[in-house]
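Visitor: Here is a sequence together with a model predicted from it:
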Amino acid sequence: AYAFRRRADDGRAIRRRREVAVRLALGARSGVLLRQAILESLVLSVSGGVLGLALAAIALRVGVSWLPETLPRINEIGLDWRVAWFAIILGVLTGIVCGLAPAFAALRTSVNETLKEGGRTGSAGGGHARLRSALVVGEIAIALMLLVASGLLLRSFEKMRNVDLGFRADHVLVASYSLPDKQYATQAAVDGFNDELVRRVQHLPGVKSAGLSSFVPASGSNSNTTFVVDGYAPPPGASMNLARLVTVEGDYLQAMGIPLLSGRFFTPSDTASNQLVAIVNHKLAEHYWPGGDPIGKRLRIGTPDMQPPWLTVVGEIADIKEGSPDAPAKEEWYQPVEQIEKSLGSMGSPTDINGNGGYIALRTAAEPQEMENLLRATVRSIDSQLPLTQVQSMEQAVAESEAPRRFNTVLISAFAIAAVLLAALRIYGVIAF
């Protein structure tokens, strides 16, 4: 704002220099002209500041309604009156400074020289013309820089939108559920509900595949589990091995459309009475078995001093983007929920309950929104009191995870466009004066 007023007042000083010289020649006092210049500048700056605050208050009310609900502390967004008072005080100071500068410049000039400089046509002198040209060139350069910066930012956001997520978000419906402890107090009760839910959902018309999981991309979950890799010697000073452990049931991986790179998916025979198995993502496989085939390799939960059973890797899947598309993928491995308690070994407890909450994922032939009511009805047919939350398509979930980044991009682009428009107005003001 100060730069804008300064350039405008420079142009106004060039225009009014002859006017001030004429008034001084007619006997006007310097103090009167100085007060007039300051008053005019204060009226402009304070009026502009008050109008800016009013527009900011309106923009906040409208803008907050457009913001993503996942944006942190969204309810605290508002117009801070300390900032408002600061803006008004800054407007007063700007008005005084920008009023004094051209006034003093005009008062310091020689009356005779100024009257002669414009000639009979009243045109600006050579020095003023050069100053005006320099201001115009500077404003054009700033405008071009803002346009380039805004274009690069939008291009970066578009590239982020085209990043491979590692799964197919189209035609996927997800929902969250949590089984109440009182009604599902035993592992048998939980297993009974989950098995029946998967069976019924998989037989719904239009459902291609369905499964349960403790995690879905863009859910905001961020947990890690320590593990040991058979035959892997960590470098000196290395920290513990950490990766995300995801428990699944049914055809969750197929429902999410996660590509299988090698090996196989889980099958109904992967039960607690059979060999403990795991599926790892590509990033974990490249870390601990670089350039090799992870199929048949072993890992186990815990630290080296613990001795839980080994899990055999039976499949390798592609890396998925669990949050923002521009965030790096994490190391992950997947286990059947039915085997999780046995894989804990002595770390497990008879009172542990596994699979009593998580996410339902189903891939549909129709649009996911058309399956919402059918999914809710299926859950109610098993437990009429169990609610489903976060029922949405996977595309909606991904869009919500991108919302903060998209909001920042839109906000910065809006500022850039506003700055370019202001620069255009400044150029017009400089040329006009």
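Guide: Thanks, I have the structure now. Numbers count the residues shown, from 1 in each chain.

Visitor: Output the below-cut-off pLDDT ranges for the chain.
Guide: 1-28, 30-31, 66-74, 101-133, 135-136, 139, 220-221, 426-427, 429-433 (pLDDT under 70).

Visitor: Run through the helices of it in chain order.
Guide: Secondary structure of the chain, counting by DSSP state H: helices at 2-25, 30-66, 81-107, 111-118, 126-161, 187-202, 252-256, 282-288, 340-344, 372-382, 394-432.

Visitor: for the second one, packing partners?
Guide: Read that as helix 30-66. helix 2-25, helix 81-107 (3 or more C-beta pairs under 8 Å, 6 or more residues apart in numbering; DSSP states H and E). (Each C-beta comes from the backbone N, C-alpha and C, glycine too.)

Visitor: And that helix, what's buried?
Guide: Residues of helix 30-66 classed as buried: Leu33, Leu34, Ala37, Ile38, Ser41, Leu42, Leu44, Ser45, Gly48, Gly49, Leu53 (neighbour count, 16 or more other C-beta atoms under 10 Å).

Visitor: isn't the fourth one right up against Gly95?
Guide: Yes: at 7.4 Å, Ile38 and Gly95 qualify as touching, with contact defined as C-beta atoms under 8 Å.

Visitor: Nearest spatial neighbour of Glu367, chain-adjacent residues omitted?
Guide: Leaving aside its sequence neighbours, Glu367 sits nearest to His171 (C-beta to C-beta, 6 or more residues apart in numbering; 7.4 Å).

Visitor: tally of neighbours for the one you found?
Guide: By other C-beta atoms under 10 Å, the residues close to His171 number 20.

Visitor: Equivalent analysis for Ala218, please.
Guide: 25.

Visitor: Just give the nearest non-adjacent residue to Val207, would you?
Guide: Of all residues not flanking Val207 in the chain, Leu362 sits nearest, at 5.2 Å (C-beta to C-beta, 6+ apart).

Visitor: now the one you found: how far from His282?
Guide: Distance of Leu362 to His282, given as C-beta to C-beta, to the nearest Å: 25 Å.

Visitor: Looking only at neighbour counts, state which of the two leads.
Guide: Using other C-beta under 10 Å as the criterion, Leu362 and His282 rank with Leu362 on top: 29 against 20.

Visitor: The more buried one is in contact with Ala255, isn't it?
Guide: Yes: taking C-beta under 8 Å as the definition, Leu362 is a contact partner of Ala255 at 5.7 Å.

Visitor: Overlap of the contact sets of these two?
Guide: Overlap of the contact sets of Leu362 and Ala255 (by C-beta atoms under 8 Å, 6 or more residues apart in numbering) consists of Val172, Lys208, Ser209, Ala210, Gly211.

Visitor: Of those, just say which sits nearest to Asn194.
Guide: Gly211 (10.0 Å; C-beta to C-beta).

Visitor: any idea how far that closest one is from Val337?
Guide: 10 Å.

Visitor: ok so, going back, any chance of the buried residues of helix 30-66 in a markdown table, with distance to Arg405 too?
Guide: Listed next are the buried residues of helix 30-66 as a markdown table, based on distance: C-beta to C-beta, whole Å:
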| residue | distance to Arg405 |
| --- | --- |
| Leu33 | 54 |
| Leu34 | 51 |
| Ala37 | 47 |
| Ile38 | 46 |
| Ser41 | 41 |
| Leu42 | 42 |
| Leu44 | 38 |
| Ser45 | 36 |
| Gly48 | 33 |
| Gly49 | 32 |
| Leu53 | 29 |
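
Visitor: Tell me how many other residues crowd Val83.
Guide: Using other C-beta under 10 Å, Val83 has 11 other residues around it.

Visitor: before we move on, back to that, ranking the helices of the chain by burial, who's on top?
Guide: Of those, the one with the most neighbours on average (mean count of other C-beta atoms under 10 Å) is helix 252-256, at a mean of 25.

Visitor: No further questions, thank you.
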